[in-house]
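> Make a model of this:
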Amino acid sequence: MNTQSPSGPQPGASRRSEVAPFIAMDVLRDARELEASGRHVLHLEVGQPGAPAPAGVRAAVDAALDDGRIGYTEALGIQPLRERIAQHYRETYDVSVDPGRIIVTTGSSAGFVLAFLGCFDPGDAVALAAPGYPAYRNILAATGLRTVWLETSEASGWVPTPDLLHTAAQEGGLDGILVASPANPSGTMLSPDALKALLAASRAQGLWFISDEIYHGLTYGQDSATALQFDDDAIIINSFSKYYCMTGWRIGWMIVPERLVRPIERLAQNLYISPPALSQVAALAAFDCTEELERNKAVYVRNRALLADALPRLGLNRVLPMDGAFYAYADVGRFTNDSRAFARRMLHEAGIAATPGLDFDPDRGNRFLRFSFAGPTADIEQAIDRLDGWLKR
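The predicted structure is shown next:
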């Protein structure tokens with residue numbers, strides 16, 4: 001059958017969709033295409049645990065599927081999961097949280113969207129640390145908000161400080177700050193005292209404080225502090241993706257002040273209806289899988305040690321502190337001033353996928369690469385060998 005092209009002007013994509021790509025996902029796509037052609041690729045580009053969801057999670061899901069229908073839940077999440085998350089805060093941080101303030105989300109990504117829409121109006125400004133997770137600034141842009149950079153450095157310990165926050169507020173005004181500890185891409189952490197001081201500085205300026213705690217549980221040498229230990233008004237965003245090895249299940253949570261519960265519930269009802277029911281069953285079971293999850297963490301400990309030893313030997317001798325998470329953020333300025341082109345060459349010539357720093361820092365990321373060490377130890381060992389040979393060409 002013949003078809004005709006429509007006549008007249010055609011509508012285009014919205015301006016709000018003109019956000020930067022998530023380069024890590026672009027690298028993953030390119031790596032998959034290379035694998036489809038028969039090449040063997042070592043995946044150090046995405047922050048995805050190499051282990052599957054725990055056995056107890058899979059068993060709980062099997063039972064739920066056998067039981068029958070999987071339908072909508074409450075927009076805020078099922079009550080047993082909200083209560084179990086509250087128990088987690090009592091046991092882990094000695095913090096009492098009303099389950100009514102806990103909102104189950106479709107991954108932490110939905111948590112950021114809900115927090116930004118629930119707290120800010122178009123044109124408001126939110127402070128972010130650089131380097132930092134790219135989706136923060138891209139979601140801010142898509143929702144009509146402005147990013148104000150807190151440019152961390154060795155002098156600040158590669159973490160945001162009250163002085164950086166004060167300077168940013170003086171220069172252009174702020175409405176909120178989002179902080180991650182442990183951070184992505186660096187793995188750096190705020191000490192409890194540093195977190196407390198930053199919260200106090202934020203409160204003094206009347207800002208919303210959003211704490212991304214998605215990498216809690218994955219620390220090496222010091223425990224994570226939750227912002228709720230120092231300020232009950234802080235907004236917490238967390239997820240089952242990282243420590244719990246459940247990236248594809250798309251399930252996370254928020255903790256918000258009481259005055260935000262109903263506004264965010266209304267947004268969640270309309271944007272998402274409810275979090276995935278089956279994933280909520282899985283998340284509830286995940287809290288009882290600590291033994292298996294700690295074995296997974298032991299793999300990260302070994303991988304981290306391997307990279308910490310190898311990268312300086314290979315000429316990448318400036319690596320940000322790997323306090324937590326499962327990343328090494330390394331300065332490759334000795335070899336290139338274009339980390340994106342360098343990462344592309346490394347993928348095609350050495351079969352190693354890593355994420356260029358431009359994903360995380362538009363101004364200085366041209367000389368950094370992020371390596372994820374969340375995969376099998378054998379992959380890390382092989383990546384070190386390949387990188388050694390490739391850099392010596």
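> per-domain residue ranges of this protein.
Taking automatic domain parsing as the domain assignment, the record places the domains of the chain at 18-47+291-391, 56-287.
> who wins for proximity to residue 7 among the ones you listed?
domain 18-47+291-391 (26.7 Å; C-beta to C-beta). Quick note: C-beta positions are derived from backbone N, CA and C, even for glycine.
> got the end-to-end distance for the closest one?
In terms of C-alpha to C-alpha, to the nearest Å, the two terminal residues of domain 18-47+291-391 are separated by 36 Å.
> what do you get for stretch 45-52?
By C-alpha to C-alpha, one end of stretch 45-52 lies 18 Å from the other end.
> Contacts for it next, please.
Residues lying outside stretch 45-52 but in contact with it, judged by C-beta atoms under 8 Å, 6 or more residues apart in numbering, are 24-25, 27-28, 31, 58, 184, 242, 245, 247, 296, 299, 325-327, 353-355, 372, 374-376, 379.
> And these, which of them are buried?
For the contacts of stretch 45-52, burial is judged from neighbour counts taken by 16 or more other C-beta atoms under 10 Å, and it is met by 24, 27-28, 31, 184, 242, 245, 247, 296, 299, 325-327, 353-355, 372, 374-375, 379.
> Sort out for me which of those are in strands.
Where the buried ones among the contacts of stretch 45-52 overlap with strands, as defined by DSSP state E, the overlap consists of 327, 353, 355, 372.
> follow-up on the earlier one: can I get the domains of the chain in TSV including distance to residue 9 and mean pLDDT?
Compiled in TSV, the domains of the chain are given as follows (distance: least, C-beta to C-beta, whole Å; pLDDT from 0 to 100):
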stretch	distance to residue 9	mean pLDDT
domain 18-47+291-391	19	95
domain 56-287	24	96
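> Switch those domains over to TSV; also include distance to residue 7.
TSV is the format used below for the domains of the chain (distance: least, C-beta to C-beta, whole Å):
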stretch	distance to residue 7
domain 18-47+291-391	27
domain 56-287	32
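> Next up, the contacts around the closest residue to residue 124 other than its chain neighbours.
Distance criterion C-beta to C-beta, 6 or more residues apart in numbering; nearest residue to residue 124, sequence neighbours excluded, is residue 175 at 4.0 Å. With contacts defined as C-beta under 8 Å, 6+ apart, the neighbours of residue 175 are 119-120, 124-126, 207-208.
> can you list contacts of the longest helix anywhere in the chain?
In the chain, with assignment by DSSP state H, the single longest helix is helix 290-313. Surrounding helix 290-313, the residues in contact under the criterion C-beta under 8 Å, 6+ apart are 49-51, 54-56, 217-218, 220, 243-245, 286, 317, 319, 322, 326, 328, 330, 371, 373-377, 380-381, 384, 387-388.
> what's the spacing between residue 148 and residue 173?
Distance, residue 148 to residue 173, using C-beta to C-beta, to the nearest Å: 9 Å.
> so what sits against both of these two?
Applying C-beta under 8 Å, 6+ apart, one finds that residue 148 and residue 173 are jointly contacted by residue 125.
> So which of these two has more stuff around it?
The neighbour comparison of residue 148 against residue 173 (other C-beta atoms under 10 Å) goes to residue 148, with 19 against 12.
> Each with direction, which strands does the one helix or strand that one maps to pair with?
Using DSSP states H and E, residue 148 sits within strand 146-151. Its sheet considered, strand 146-151 pairs with strand 125-130 (parallel) by DSSP bridges.
> from the chain's centre, how far out does the partner strand sit?
Relative to its chain's centre, strand 125-130 lies at 15 Å (C-alpha atoms, centre = their mean, to the nearest Å).
> mind saving the C-alpha coords of whichever helix or strand comes after that strand as PDB?
With elements assigned by DSSP H and E, the helix or strand that comes after strand 125-130 is helix 134-142. Below are the C-alpha coordinates for helix 134-142, written out as PDB (Å, rounded to 0.1, in the frame of the first residue of the first chain):
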ATOM      1  CA  PRO A 134      25.400  13.300  35.500                       C
ATOM      2  CA  ALA A 135      21.700  12.500  35.800                       C
ATOM      3  CA  TYR A 136      21.400  15.100  38.700                       C
ATOM      4  CA  ARG A 137      22.100  18.000  36.400                       C
ATOM      5  CA  ASN A 138      20.200  16.500  33.400                       C
ATOM      6  CA  ILE A 139      17.000  15.900  35.500                       C
ATOM      7  CA  LEU A 140      17.400  19.400  36.900                       C
ATOM      8  CA  ALA A 141      17.600  20.800  33.400                       C
ATOM      9  CA  ALA A 142      14.600  18.800  32.100                       C
END
